[in-house]
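*Asks:* Here is a sequence with its predicted model. Questions after.
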Amino acid sequence: HGKMGRVIRAQRKGAGGIFKSHNKHRKGPAKLRPVDYAERRGYVKGVVKEIIHDPGRGAPLARVQFRDTYRYKMRNELFIASEGMYTGQFLYCGKKASLQIGNVLPVGQMPEGTVVCNLEEKTGDRGALARASGNSATVISHNPDTKRTRVKLPSGSKKVIPSANRAMVGIVAGGGRIDKPLLKAGRAYWKYKAKRNSWPKVRGVAMNPVEHPHGGG
């Protein structure tokens, strides 16, 4: 803006300080398994230990226990739960996994029209797209020559990604979260208290000219 003024809120966001995310009670980063030989060639079986709420996230998470492919022990992974997952369910990850809700397989192995979530944007990044509650992406078409797959993202935009990228079959659980109104300011207060400092928002129009381009008048 032309005239000298205060640093406005949007500019202060990046500095951290009071704008850090509130991750004290968070359960941890929700990711797919690190891609290994077993997933690339065949599949590996895991069991859903529990389905848990993650503070500051609309979607529930699933603790999934896998056998370690190399050593005699168990590996616990934190997945984003897909709709219809239950405790004690077996799910399979890998190239040869079947097309069942909760299974993780490369998008190249899925038929067109498959609805997926927690989709990798780049091969092996362990899930980046369609992770919010009730969200999903759709496999549109494959190009076997270039080993690429077109997917339709939750925003409606279409993206071409490598066919080796993995995704979980189904939609993210916790859909319909926004159907119920928050009703009162206190509920919004608690909702954003768990997330980060982004509420309440003072409108720019309500400020003075020094504080915002919309201020004054």
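*Replies:* Received it, and whenever you're ready, just let me know what you need.
*Asks:* Which of the residues in the helix ranked longest in the chain are classified as buried?
*Replies:* The residue-count maximum for a helix in the chain (DSSP state H) belongs to helix 185-195. Neighbour-count burial for helix 185-195 flags 192, 194-195 (criterion: 16 or more other Cβ atoms under 10 Å). All C-beta atoms are positioned from the backbone trio N, CA, C, and that covers glycine.
*Asks:* Equivalent analysis for stretch 42-51, please.
*Replies:* 43-44, 46, 48, 51.
*Asks:* ok, now stretch 200-210?
*Replies:* Residues of stretch 200-210 classed as buried: residue 207 (neighbour count, 16+ other Cβ under 10 Å).
*Asks:* mind putting the buried residues of helix 185-195 in JSON lines, pLDDT included?
*Replies:* Converted to JSON lines, the buried residues of helix 185-195 look like this (pLDDT from 0 to 100):
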{"residue": "192", "pLDDT": "96"}
{"residue": "194", "pLDDT": "96"}
{"residue": "195", "pLDDT": "96"}
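*Asks:* just these now: which is nearest residue 105?
*Replies:* residue 195 (31.7 Å; Cβ to Cβ).
*Asks:* what sits against the closest one?
*Replies:* By Cβ atoms under 8 Å, 6 or more residues apart in numbering, the contact set of residue 195 is 21-22, 56.
*Asks:* how far away is it from residue 60?
*Replies:* Residue 195 sits 16 Å away from residue 60, going by Cβ to Cβ, to the nearest Å.
*Asks:* In contact with residue 212, which residues are there?
*Replies:* 5-6, 8, 204-205.
*Asks:* make it 7 Å
*Replies:* By Cβ atoms under 7 Å, 6 or more residues apart in numbering, the contact set of residue 212 is 8, 204.
*Asks:* all helices of this structure, in order?
*Replies:* Under DSSP H, the chain gives helices at 9-12, 37-41, 185-195.
*Asks:* Could you dump those into TSV and include distance to residue 121?
*Replies:* Converted to TSV, the helices of the chain look like this (distance: least, Cβ to Cβ, whole Å):
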stretch	distance to residue 121
helix 9-12	26
helix 37-41	18
helix 185-195	23
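*Asks:* looking at these, which is closest to residue 145?
*Replies:* helix 37-41 (20.4 Å).
*Asks:* Go through that closest one and flag the buried ones.
*Replies:* 38-39.
*Asks:* now what about it, what contacts it?
*Replies:* Contacts of helix 37-41 (Cβ under 7 Å, 6+ apart): 33, 44, 69, 93-95.
*Asks:* Next step: the residues you listed restricted to strands.
*Replies:* 44, 93 (DSSP state E).
*Asks:* Can you lay out the contacts of helix 37-41 as a markdown table showing distance to residue 78?
*Replies:* A markdown table is the format used below for those (distance: Cβ to Cβ, whole Å):
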| residue | distance to residue 78 |
| --- | --- |
| 33 | 10 |
| 44 | 16 |
| 69 | 18 |
| 93 | 14 |
| 94 | 18 |
| 95 | 22 |
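*Asks:* If you rank the contacts of helix 37-41 by neighbours, which is first?
*Replies:* Neighbour counts for those, by other Cβ atoms under 10 Å, peak at residue 93, which reaches 26 neighbours.
*Asks:* got any ranges where the protein has weak pLDDT?
*Replies:* Scanning the chain for pLDDT under 70 picks out 1-3.
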